[in-house]
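Chemist: Based on what follows, work out the 3D shape:
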Amino acid sequence: MGFPGVWMTESESMIYRVVPKCACSTIGQIMFYSDHGRFFDGDIHDSKDGMHKWAQDHSHDAIERAVRARDAVTFTCVRNPYARLLSSFFDKIAGIQRNGKRYRGNLVPQLVQRYGIDVGTPENGFEFDQVASFRRFLLFARDTIRFRKPMEPDIHWSAMSGHISTFIVNGGRYDQIFFTEAFNDGMQKVLEEAQVPVPLNLSDVPRFNESEGHGPKRAHKVSDYFDDLSRHLIWEIYKDDFQLFRYDFDNPDNKMPLGEVDLEEVHAKLGR
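Modeler: Numbers count the residues shown, from 1 in each chain. Okay, here's the model as predicted:
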(Lines give C-alpha, C1' and ligand atoms only; values in the text may rest on other atoms or scores of the structure.)
Protein backbone atom coordinates (compact mmCIF):
# COMPACT_ATOMS: atom_id res chain seq x y z
CA MET A 1 0.00 0.00 0.00
CA GLY A 2 2.95 2.33 0.48
CA PHE A 3 2.59 5.73 2.10
CA PRO A 4 -0.38 7.62 0.64
CA GLY A 5 -0.68 11.25 1.69
CA VAL A 6 3.01 11.58 2.53
CA TRP A 7 5.15 14.57 1.50
CA MET A 8 8.92 14.81 1.99
CA THR A 9 11.48 17.56 1.42
CA GLU A 10 13.97 16.82 -1.36
CA SER A 11 16.75 17.14 1.24
CA GLU A 12 14.99 14.36 3.19
CA SER A 13 15.00 16.52 6.32
CA MET A 14 11.26 16.17 6.98
CA ILE A 15 8.53 13.62 6.27
CA TYR A 16 4.94 14.83 6.70
CA ARG A 17 1.71 12.83 6.63
CA VAL A 18 -0.87 15.25 5.22
CA VAL A 19 -4.15 15.54 7.13
CA PRO A 20 -6.63 17.70 5.16
CA LYS A 21 -8.00 20.82 6.87
CA CYS A 22 -5.09 20.85 9.36
CA ALA A 23 -2.84 23.63 8.02
CA CYS A 24 -1.51 21.37 5.27
CA SER A 25 -1.03 24.24 2.77
CA THR A 26 1.09 26.20 5.24
CA ILE A 27 3.11 23.13 6.28
CA GLY A 28 3.80 22.22 2.66
CA GLN A 29 4.99 25.74 1.89
CA ILE A 30 7.28 25.75 4.93
CA MET A 31 8.78 22.44 3.80
CA PHE A 32 9.28 23.81 0.27
CA TYR A 33 10.92 26.99 1.61
CA SER A 34 13.22 25.02 3.91
CA ASP A 35 14.82 23.43 0.84
CA HIS A 36 14.66 26.24 -1.73
CA GLY A 37 14.64 29.55 0.17
CA ARG A 38 11.36 30.59 -1.47
CA PHE A 39 7.71 29.64 -1.30
CA PHE A 40 6.05 27.72 -4.12
CA ASP A 41 4.24 30.07 -6.49
CA GLY A 42 0.66 28.78 -6.24
CA ASP A 43 -1.15 26.13 -4.25
CA ILE A 44 1.46 23.73 -2.87
CA HIS A 45 -0.96 20.86 -3.57
CA ASP A 46 -0.38 21.56 -7.27
CA SER A 47 3.43 21.36 -7.16
CA LYS A 48 4.95 18.70 -9.37
CA ASP A 49 8.60 19.17 -8.44
CA GLY A 50 10.65 20.64 -5.63
CA MET A 51 9.16 18.24 -3.09
CA HIS A 52 8.57 14.50 -2.94
CA LYS A 53 4.94 13.37 -2.77
CA TRP A 54 3.61 9.84 -2.67
CA ALA A 55 1.12 10.81 -5.40
CA GLN A 56 4.11 11.21 -7.75
CA ASP A 57 5.42 7.83 -8.90
CA HIS A 58 9.00 9.08 -9.13
CA SER A 59 8.94 9.91 -5.39
CA HIS A 60 8.06 6.40 -4.19
CA ASP A 61 11.58 5.01 -3.83
CA ALA A 62 12.92 8.07 -2.01
CA ILE A 63 10.00 8.17 0.44
CA GLU A 64 10.10 4.41 1.09
CA ARG A 65 13.84 4.55 1.75
CA ALA A 66 13.62 7.56 4.06
CA VAL A 67 10.70 6.17 6.06
CA ARG A 68 12.55 2.88 6.62
CA ALA A 69 15.81 4.63 7.54
CA ARG A 70 14.06 6.86 10.11
CA ASP A 71 16.63 9.63 9.67
CA ALA A 72 14.14 12.34 8.68
CA VAL A 73 11.91 14.04 11.28
CA THR A 74 8.48 12.51 10.72
CA PHE A 75 5.40 14.40 11.81
CA THR A 76 1.78 15.33 11.27
CA CYS A 77 -0.65 17.97 12.52
CA VAL A 78 -4.17 17.63 13.95
CA ARG A 79 -7.11 19.94 14.63
CA ASN A 80 -10.19 20.12 16.83
CA PRO A 81 -12.81 17.84 15.17
CA TYR A 82 -15.65 20.34 15.68
CA ALA A 83 -13.73 23.16 13.96
CA ARG A 84 -12.31 20.85 11.29
CA LEU A 85 -15.73 19.63 10.19
CA LEU A 86 -17.12 23.17 10.15
CA SER A 87 -14.16 24.24 8.02
CA SER A 88 -14.82 21.38 5.60
CA PHE A 89 -18.45 22.44 5.29
CA PHE A 90 -17.75 26.13 4.67
CA ASP A 91 -14.89 25.42 2.29
CA LYS A 92 -15.96 22.36 0.32
CA ILE A 93 -19.77 22.49 0.48
CA ALA A 94 -20.76 26.15 0.90
CA GLY A 95 -17.73 27.69 -0.82
CA ILE A 96 -16.66 28.15 -4.42
CA GLN A 97 -13.38 26.43 -5.29
CA ARG A 98 -10.28 28.03 -6.80
CA ASN A 99 -11.43 26.97 -10.27
CA GLY A 100 -14.63 29.00 -9.85
CA LYS A 101 -16.81 25.90 -9.55
CA ARG A 102 -18.45 23.89 -6.79
CA TYR A 103 -16.42 21.13 -5.15
CA ARG A 104 -16.54 17.78 -6.97
CA GLY A 105 -18.96 18.97 -9.63
CA ASN A 106 -22.36 17.50 -8.84
CA LEU A 107 -21.78 16.88 -5.13
CA VAL A 108 -23.55 20.01 -3.88
CA PRO A 109 -26.61 19.56 -6.16
CA GLN A 110 -26.81 15.98 -4.85
CA LEU A 111 -26.81 17.24 -1.26
CA VAL A 112 -29.47 19.81 -2.07
CA GLN A 113 -31.66 17.07 -3.53
CA ARG A 114 -31.01 14.23 -1.05
CA TYR A 115 -30.42 16.06 2.22
CA GLY A 116 -32.21 19.36 1.71
CA ILE A 117 -29.03 21.40 2.17
CA ASP A 118 -29.08 25.07 1.13
CA VAL A 119 -25.75 26.86 0.71
CA GLY A 120 -26.80 30.04 -1.02
CA THR A 121 -24.96 31.52 -4.00
CA PRO A 122 -22.35 34.24 -4.60
CA GLU A 123 -25.17 36.28 -6.15
CA ASN A 124 -27.22 36.37 -2.93
CA GLY A 125 -24.16 36.85 -0.71
CA PHE A 126 -24.30 33.22 0.43
CA GLU A 127 -27.44 33.90 2.45
CA PHE A 128 -28.74 30.68 3.99
CA ASP A 129 -29.51 29.09 7.34
CA GLN A 130 -25.99 28.01 8.26
CA VAL A 131 -26.96 25.98 11.33
CA ALA A 132 -29.71 23.96 9.63
CA SER A 133 -27.62 23.28 6.52
CA PHE A 134 -24.53 22.31 8.49
CA ARG A 135 -26.51 19.80 10.58
CA ARG A 136 -27.83 18.21 7.41
CA PHE A 137 -24.27 18.07 6.03
CA LEU A 138 -23.18 16.34 9.25
CA LEU A 139 -25.81 13.66 8.66
CA PHE A 140 -24.43 13.19 5.13
CA ALA A 141 -20.83 13.04 6.42
CA ARG A 142 -21.87 10.40 8.98
CA ASP A 143 -23.58 8.35 6.24
CA THR A 144 -20.45 8.41 4.06
CA ILE A 145 -18.16 7.42 6.93
CA ARG A 146 -20.35 4.81 8.64
CA PHE A 147 -22.18 3.33 5.65
CA ARG A 148 -20.09 4.54 2.65
CA LYS A 149 -23.36 5.82 1.13
CA PRO A 150 -24.29 7.73 -0.95
CA MET A 151 -20.53 7.89 -1.65
CA GLU A 152 -17.16 7.03 -0.14
CA PRO A 153 -16.07 9.47 2.61
CA ASP A 154 -14.14 12.46 1.35
CA ILE A 155 -10.60 13.03 2.65
CA HIS A 156 -11.60 16.46 4.01
CA TRP A 157 -14.10 15.05 6.51
CA SER A 158 -12.90 11.49 7.08
CA ALA A 159 -11.38 11.02 10.54
CA MET A 160 -7.87 12.30 11.22
CA SER A 161 -7.04 9.00 12.94
CA GLY A 162 -7.79 7.20 9.67
CA HIS A 163 -5.34 9.35 7.71
CA ILE A 164 -2.68 9.07 10.40
CA SER A 165 -3.05 5.30 10.85
CA THR A 166 -2.16 4.35 7.25
CA PHE A 167 1.39 5.58 7.79
CA ILE A 168 1.80 3.52 10.98
CA VAL A 169 0.18 0.36 9.61
CA ASN A 170 2.53 0.41 6.62
CA GLY A 171 5.66 0.67 8.71
CA GLY A 172 6.11 4.38 9.48
CA ARG A 173 6.57 5.99 12.88
CA TYR A 174 5.86 9.58 13.97
CA ASP A 175 8.39 11.62 15.90
CA GLN A 176 5.95 14.47 16.53
CA ILE A 177 2.22 15.18 16.29
CA PHE A 178 1.28 18.77 17.00
CA PHE A 179 -1.85 20.92 17.07
CA THR A 180 -3.09 23.40 14.46
CA GLU A 181 -4.26 25.49 17.42
CA ALA A 182 -0.64 25.85 18.64
CA PHE A 183 0.86 25.83 15.19
CA ASN A 184 4.03 27.89 15.65
CA ASP A 185 5.08 26.01 18.78
CA GLY A 186 4.61 22.62 17.13
CA MET A 187 6.17 23.52 13.79
CA GLN A 188 9.14 25.15 15.53
CA LYS A 189 9.94 21.89 17.33
CA VAL A 190 9.88 20.05 14.01
CA LEU A 191 12.21 22.59 12.37
CA GLU A 192 14.64 22.50 15.28
CA GLU A 193 14.92 18.74 15.09
CA ALA A 194 15.03 18.62 11.30
CA GLN A 195 18.16 20.75 10.69
CA VAL A 196 16.79 22.15 7.46
CA PRO A 197 19.06 23.50 4.66
CA VAL A 198 17.40 26.96 4.69
CA PRO A 199 16.36 28.30 8.12
CA LEU A 200 13.20 30.38 8.39
CA ASN A 201 11.43 32.42 11.04
CA LEU A 202 7.90 31.11 11.56
CA SER A 203 6.63 34.52 12.64
CA ASP A 204 7.42 35.76 9.10
CA VAL A 205 5.54 32.93 7.34
CA PRO A 206 2.12 33.86 5.93
CA ARG A 207 -0.79 31.49 6.44
CA PHE A 208 -1.48 29.77 3.15
CA ASN A 209 -5.24 29.22 3.41
CA GLU A 210 -6.08 28.33 -0.18
CA SER A 211 -9.84 28.30 0.51
CA GLU A 212 -10.04 31.74 2.14
CA GLY A 213 -12.43 34.24 0.57
CA HIS A 214 -14.27 31.85 -1.76
CA GLY A 215 -17.44 31.38 0.26
CA PRO A 216 -19.49 32.41 3.28
CA LYS A 217 -17.99 33.31 6.63
CA ARG A 218 -19.08 31.36 9.70
CA ALA A 219 -21.75 33.49 11.36
CA HIS A 220 -22.03 31.81 14.77
CA LYS A 221 -19.86 30.37 17.51
CA VAL A 222 -18.98 26.69 17.15
CA SER A 223 -21.42 25.39 19.79
CA ASP A 224 -24.40 26.95 17.97
CA TYR A 225 -23.98 24.43 15.15
CA PHE A 226 -24.04 21.38 17.43
CA ASP A 227 -27.25 20.41 19.21
CA ASP A 228 -27.56 17.13 21.14
CA LEU A 229 -28.14 15.04 18.02
CA SER A 230 -25.24 16.69 16.18
CA ARG A 231 -22.91 15.97 19.08
CA HIS A 232 -24.08 12.36 19.18
CA LEU A 233 -23.25 12.04 15.48
CA ILE A 234 -19.86 13.71 15.73
CA TRP A 235 -18.89 11.43 18.62
CA GLU A 236 -19.99 8.44 16.56
CA ILE A 237 -17.61 9.32 13.72
CA TYR A 238 -14.75 11.13 15.48
CA LYS A 239 -14.51 9.39 18.86
CA ASP A 240 -10.91 8.29 18.23
CA ASP A 241 -9.92 11.80 17.15
CA PHE A 242 -11.26 13.33 20.36
CA GLN A 243 -9.66 10.72 22.58
CA LEU A 244 -6.27 10.20 20.92
CA PHE A 245 -5.60 13.88 20.28
CA ARG A 246 -7.03 15.10 23.60
CA TYR A 247 -9.72 17.45 22.29
CA ASP A 248 -12.62 18.63 24.46
CA PHE A 249 -15.80 16.88 23.37
CA ASP A 250 -17.87 18.41 26.17
CA ASN A 251 -17.24 22.03 25.16
CA PRO A 252 -17.37 22.67 21.40
CA ASP A 253 -16.24 26.26 21.98
CA ASN A 254 -12.96 25.15 23.54
CA LYS A 255 -10.80 24.66 20.49
CA MET A 256 -7.65 23.89 22.49
CA PRO A 257 -6.59 20.33 23.36
CA LEU A 258 -6.77 19.24 26.99
CA GLY A 259 -3.29 17.67 26.96
CA GLU A 260 -0.37 16.58 24.82
CA VAL A 261 -0.57 13.70 22.34
CA ASP A 262 0.78 10.42 23.69
CA LEU A 263 2.77 9.09 20.72
CA GLU A 264 3.07 5.60 22.21
CA GLU A 265 -0.71 5.39 22.57
CA VAL A 266 -1.23 6.65 19.00
CA HIS A 267 1.14 4.04 17.58
CA ALA A 268 -0.38 1.26 19.69
CA LYS A 269 -4.01 2.04 18.85
CA LEU A 270 -3.63 3.06 15.20
CA GLY A 271 -1.04 0.46 14.29
CA ARG A 272 -3.36 -2.49 14.64
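
Chemist: which residues touch the residue nearest to Ser13 when sequence neighbours are not counted?
Modeler: Nearest residue to Ser13, sequence neighbours excluded (CB to CB, 6 or more residues apart in numbering): Ala194, at 4.5 Å. For every residue, glycine as well, the C-beta is placed using N, CA and C. Residues near Ala194 by CB atoms under 8 Å, 6 or more residues apart in numbering: Ser13, Met14, Ser34, Ala72, Val73.

Chemist: Now intersect those with the strands, please.
Modeler: The strands, defined by DSSP state E, take in Met14, Val73 from the contacts of Ala194.

Chemist: which one of the contacts of Ala194 has the most neighbours?
Modeler: Met14 (26 neighbours; other CB atoms under 10 Å).

Chemist: Now do that residue, the pLDDT please.
Modeler: pLDDT recorded at Met14 is 98.

Chemist: For the contacts of Ala194, work out which two are farthest apart.
Modeler: Checked with CB to CB, the contacts of Ala194 reach their widest spread between Ser34 and Ala72, with 11.9 Å between them.

Chemist: shared neighbours of those two, anything?
Modeler: Joint contacts of Ser34 and Ala72 (CB under 8 Å, 6+ apart) are Thr9, Ser13, Met14, Ala194.

Chemist: From what I see, the third one and Asp71 are in contact.
Modeler: The reference is to Met14. No - if you go by CB atoms under 8 Å, Met14 and Asp71 don't touch, sitting 10.8 Å apart.

Chemist: Run through the residues that contact Ser203.
Modeler: Asn184.

Chemist: closest to Leu139 among the shared contacts of Ser34 and Ala72?
Modeler: Distances from Leu139 to these, taken by CB to CB, are shortest for Met14, at 38.1 Å.

Chemist: how much space between the closest one and Asp204?
Modeler: As for Met14, its distance to Asp204 is 19 Å (criterion: CB to CB, to the nearest Å).

Chemist: try Ala83
Modeler: 25 Å.

Chemist: Which of the two has more residues huddled nearby?
Modeler: Each of Ala83 and Asp204 has its neighbours counted (other CB under 10 Å); Ala83 has more, 18 against 6.

Chemist: What strand or helix carries the more buried one?
Modeler: Using DSSP states H and E, Ala83 sits in helix 81-88.

Chemist: Give me the contacts around the helix or strand just after that helix.
Modeler: Note on helix 81-88: by DSSP H and E, the next helix or strand toward the C-terminus is helix 107-115. By CB under 8 Å, 6+ apart, the surrounding residues in contact with helix 107-115 are Ile93, Arg102, Ile117, Asp118, Val119, Arg136, Phe137, Leu139, Phe140, Pro150, Met151.

Chemist: Surely the fifth one and Ile93 touch.
Modeler: Yes - using CB under 8 Å, Val119 makes contact with Ile93 at a distance of 6.0 Å.
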